[in-house]
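A.B. asks: Starting from these lines, generate the structure:
(chains A and B, ligands or ions: 2)
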Amino acid sequence: MTISTQPVRKTRQSRITSSADAYLYHREWFQRVRERVSAGEPFAIVSAETPMEIFQAMDIPYVPVQWWSSIVSAKRKAPAYLNALRERGFPDDQEQYFSLGLASSYDRDPESAPWGGMPMPTMIVGDPREDNQGKIYELWAREYGAHYYPFERAIFNDAPDQWWELGRHRWDEMIDPAVLDLHVEESRGLIRFIEQVTGRRFCETRFKRVLDLVNEQEEYFTKARDLVARTVPSPITVTDTFTSVMMPQWHRGTEWARDKARAFYEEVEARVRNGEAACPAEKVRLAWFGTGLWFNVDFYDSFIASHDAVFVWSMYLGIAADGYARYGEDPLRTLSARYAAFVQYLTMEPWPSAWYVKEAELHQIDGVVILGGAGPFTEAAFHKAGVPTLRIRGHNVDSRQWREEEIRAQVCRFIEEEARLHAERRRSR
Amino acid sequence: MSDIMDAGTAIAQFHALFDQRFDAVRTLSENGHRVAAHVGGDVPAELLIACGYVPVELCGDPKGDAETGDRLLGAMADGKTRSILHRLLEGANGPLDQLIIGRDSELLVRLFYIIRALRKIEPDQVAAVPERVHFFDLLHGPHRSSGLYNRVRGRALLKLLETWSGRPVAEASLRQAIIQCNVNRRLLQQVTALRRQRPARLTGADALAISSSARFMPREQHSLLVSALLDTASGFPKLDGKRLFMTGSAHDSLDIYRAIEKAGAIIVGEDFDWGDRGSALLVEEGAADPLDAVIDRYHFAPPASAKFSAVARARYTAEQARQAGADAVVCFIYNGDPAPRWDVPLQRDALGSIPLLLIDNQDYGGVDTQSLYDAVTDFIAQFA
Ligand code: SF4
Ligand code: SF4
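C.D. replies: Ligands and ions are numbered 1, 2, ... in the order given. Sure, this is the predicted structure:
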């Protein structure tokens, strides 16, 4: 088993100490997975909105596509991999978050592949929504000779707008039963598929335990989100949440993840109690709209020194707080209630905008920086709520169009000319 | 001699019908028909006909304006979907009582989302869009669960149509509508057969005008015109150009076909809805439950590009190209149409020795037909 000889990236000094060892745990976990897989154990690549809890309950290690793409991007491999994709006749400018996964499968050299490369998967489970996603998953599975399980995704016509209020306990009032039934049926199929392919057995007791651990974890994130939202100056910035929230979210359903979420909340709470702020002279509170800039995470804190401007919100902690915890009698149906309508919360207007505005107001946000393709409604909703927005060009994993100087200057101007005014009004209230 | 004359006039009639597609809703309504406008080929015409409606499939206008659609959908959709949205918001299709949007592609999901959001946030912008908008979520997944789900949605759609039309649907009406649509598909399959003869007896542009005009008029009336046309088939020309098969994006105008055939090629087949794929599968007429039979036809229709397996799609394209006796394949893709580009490598494998010319990044509203003509001319010159 070759240890990757890549230089270990200096993990930036995080205000949340537990996030540093979360990163190390994750690396060690990934190495252990490589060992388990080379010893013949099953391994799955899954999309972020497929029920990972099923794999957790069956003790089958899995890697989420979106996480893997963020690692490929953070290791600056995206441009080379996307070129390899084009050379094979595939587009390199569509769905990079997913196509990067396929592209990374061409690089089988543990010396160059990030973290020694993806272990050989037994199966890929995707929830193909976009017209081309199913094809990308299919092609990816063919590269590995792995099975592909396409988890079908339904759309329903209408639902109440405050989905974050009904989600926890009243999801059956909110989600069209036909959509929920489909998701339960696809989940049952997935369990039988895994049982047949891997020989692993499904233990209902362990499954319920996993679901309870997930709920516990998400309640800690909710308390942390609420605390950050109401505390001025903010105890942390978004950079302190990426690892602290994403790692436990990828490992949700384990004691480790639940404990990490608790440690995160306790550290935030301690910082608030001790009056420790990310920027004591905080003047402007910013929100980042879109997926994280995995190839350039230091971007977010770079406006503290120059403008006392802090990126307080990104969707990761917010979605963990409002999108995951689900309570119910029937475990599989309750799990389906987490995923069945996920895509519509975040894409079917006016649900996303209503939620983003709620989060922006909760966090006392002075300006929203939007990466790439938000629809016109999101900006209109922020403006209606009096929150200024700035749209910047770029993609979160494909760094080839990223113009650092140009974008920094844009954000600085936005802070100075728009967000600052909102901040002054906020403070005078 | 008279056959040739009749053939020419019969074909011209379909071109006229095709050119008037943007007035179909108005004309039908003025003639006392009740129109059910829909977007997407996955909306089962049989159900609409059974409820006494004439289904009209709304389409884009590559020569028309599309700013509102471009502004609202932007990079989230292709030119055709943006044009459809623009025309809906401008009321360009004429007065609509209701609108049903299918899930042929995720671009139509966004079309539905935008209309629904505007209704809540800027209602004046959707004044021309009917209150009654329904999203018909037909799934194409490979598992039984999709089939069960589609049945639930099929029943819900029929119930909704009964409420909208104000009368229950007798099973006999549904069976009658199934027969009507099957008769039409069988006639269009004969048109396909004429294209596949060597030499071909119809140009691609003519065939597309014939098959797609069924979507803008009463199905029975269209069938009468097609059968009259087929009676004049002996007068059809013998066309010796290079035989091309079209794949990639779906077309809702004849401009691209005309430009390609001007280069001396004949388009002998295609794998999208308005062409051969639209009449590829009949609804089982003797089925115990006619509604299930209709849903099965749309669920198990041959693979389109959007959402379908690239392997299955490539196999279908190659199989159809061979059956059509194509010498080569042209894969023409519009900007913002995300699926077809991912099929190309596997299509090339499945086609083997049959060459494929890829023409992508095409702008729906502004295809440079001259460079298209040049590209096709060079391409067909390469092989015997
Ligand atoms: S039987 Fe008990 S120990 Fe074994 S997997 Fe289930 S819950 Fe865990
Ligand atoms: S981009 Fe210009 S204004 Fe902004 S921090 Fe850098 S030097 Fe200062």
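
A.B. asks: Give the other helices and strands that whichever helix or strand A:Gln66 is part of contacts.
C.D. replies: Element membership for A:Gln66 (DSSP states H and E) is helix A:65-74. Packing contacts for helix A:65-74, counted by 3 or more Cβ pairs under 8 Å, 6 or more residues apart in numbering or on different chains; DSSP states H and E, involve strand A:44-46, helix A:96-104. (Glycine included, C-beta is placed from N, CA and C.)

A.B. asks: what's the following helix or strand after it?
C.D. replies: Following helix A:65-74 in sequence order, the next helix or strand is helix A:78-87 (DSSP H and E).

A.B. asks: Taking helix A:96-104 as reference, get the angle to that next one.
C.D. replies: 70 degrees (axes from the mean of the first three to the mean of the last three Cα atoms, to 10 degrees).

A.B. asks: Next one: the residue nearest to B:Arg103 when sequence neighbours are not counted from ligand 1, what distance?
C.D. replies: Leaving out its chain neighbours, the residue that sits closest to B:Arg103 by Cβ to Cβ, 6 or more residues apart in numbering or on different chains is B:Asp137, at 5.2 Å. In this view, B:Asp137 and ligand 1 are 37 Å apart by Cβ to the nearest ligand atom, to the nearest Å.

A.B. asks: swap in A:Thr334?
C.D. replies: Distance from A:Thr334 to ligand 1, counting by Cβ to the nearest ligand atom: 18 Å.

A.B. asks: is it fair to say that residue lies in a helix?
C.D. replies: Yes - judged by DSSP: H, G, I helix; E, B strand; the rest coil, A:Thr334 forms part of a helix.

A.B. asks: can you pull the contacts of the spatially closest residue to it that is not a sequence neighbour?
C.D. replies: Leaving out its chain neighbours, the residue that sits closest to A:Thr334 by Cβ to Cβ, 6+ apart is A:Gly328, at 3.4 Å. Listed by Cβ atoms under 8 Å, 6 or more residues apart in numbering or on different chains, the contact partners of A:Gly328 are A:169, A:171-172, A:334, A:337.

A.B. asks: Quickly name whichever of those is closest to A:Lys75.
C.D. replies: Within the contacts of A:Gly328, the smallest distance to A:Lys75 is 36.0 Å, found for A:Ala337 (Cβ to Cβ).

A.B. asks: Quickly find the element holding that closest one.
C.D. replies: Short version, using DSSP H and E: A:Ala337 is in helix A:331-339.

A.B. asks: roughly how far out does that helix sit from the chain middle?
C.D. replies: 19 Å (Cα atoms, centre = their mean, to the nearest Å).

A.B. asks: again with stretch B:240-247
C.D. replies: 19 Å.

A.B. asks: ranking the contacts of A:Gly328 by neighbours, who comes first?
C.D. replies: A:Ala337 (25 neighbours; other Cβ atoms under 10 Å in any protein chain shown).

A.B. asks: From chain B, how far out is the closest residue in space to that residue that isn't next to it in sequence?
C.D. replies: Leaving aside its sequence neighbours, A:Ala337 sits nearest to A:Trp171 (Cβ to Cβ, 6+ apart; 3.9 Å). Using Cβ to the nearest Cβ, to the nearest Å, A:Trp171 is found at 18 Å from chain B.

A.B. asks: now do A:Ser38
C.D. replies: 29 Å.

A.B. asks: Do I have it right that that residue meets A:Gly116?
C.D. replies: No - using Cβ atoms under 8 Å, A:Ser38 makes no contact with A:Gly116, being 10.8 Å away.

A.B. asks: who's more crowded, these two?
C.D. replies: A:Gly116 (19 against 12).

A.B. asks: and the gap between the more buried one and chain B?
C.D. replies: Taken as Cβ to the nearest Cβ, the span from A:Gly116 to chain B is 28 Å.

A.B. asks: any chance of the helices and strands packed on helix A:65-74 in CSV, plus mean pLDDT?
C.D. replies: Formatted as CSV, the helices and strands packed on helix A:65-74 follow (pLDDT from 0 to 100):
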stretch, mean pLDDT
strand A:44-46, 96
helix A:96-104, 87
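
A.B. asks: To ligand 1, which of the ones you listed lies closest?
C.D. replies: Proximity to ligand 1 (Cβ to the nearest ligand atom) singles out strand A:44-46 among the helices and strands packed on helix A:65-74, at 18.4 Å.

A.B. asks: any idea how far that closest one is from the chain center?
C.D. replies: So, by Cα atoms, centre = their mean, the centroid of strand A:44-46 is 15 Å from its chain's centroid.

A.B. asks: what lines up beside it in the sheet?
C.D. replies: strand A:62-64 (parallel), strand A:123-126 (parallel) (DSSP bridges).

A.B. asks: biggest helix in the chain by residues?
C.D. replies: Unless you meant another one, I'm taking chain A. helix A:204-230 (DSSP state H).

A.B. asks: I was thinking of chain B, sorry if that wasn't clear
C.D. replies: helix B:171-196.

A.B. asks: buried stuff in it?
C.D. replies: Buried positions in helix B:171-196, judged by neighbour count with 16 or more other Cβ atoms under 10 Å in any protein chain shown: B:173-175, B:177-178, B:180-185, B:187-188, B:191-192, B:194-196.

A.B. asks: centroid residue for chain B?
C.D. replies: In chain B, the residue lying closest to the centroid (Cα atoms, centre = their mean) is B:Trp274, at 2.8 Å.

A.B. asks: Not counting sequence-adjacent ones, nearest residue to that one?
C.D. replies: B:Ser212 (4.0 Å).

A.B. asks: what packs against the helix or strand the one you found falls within?
C.D. replies: Here B:Ser212, judged by DSSP H and E, is contained in helix B:204-212. Here helix B:204-212 touches helix B:2-19, helix B:171-196, helix B:255-262, strand B:265-270, going by 3+ Cβ pairs under 8 Å, 6+ apart.
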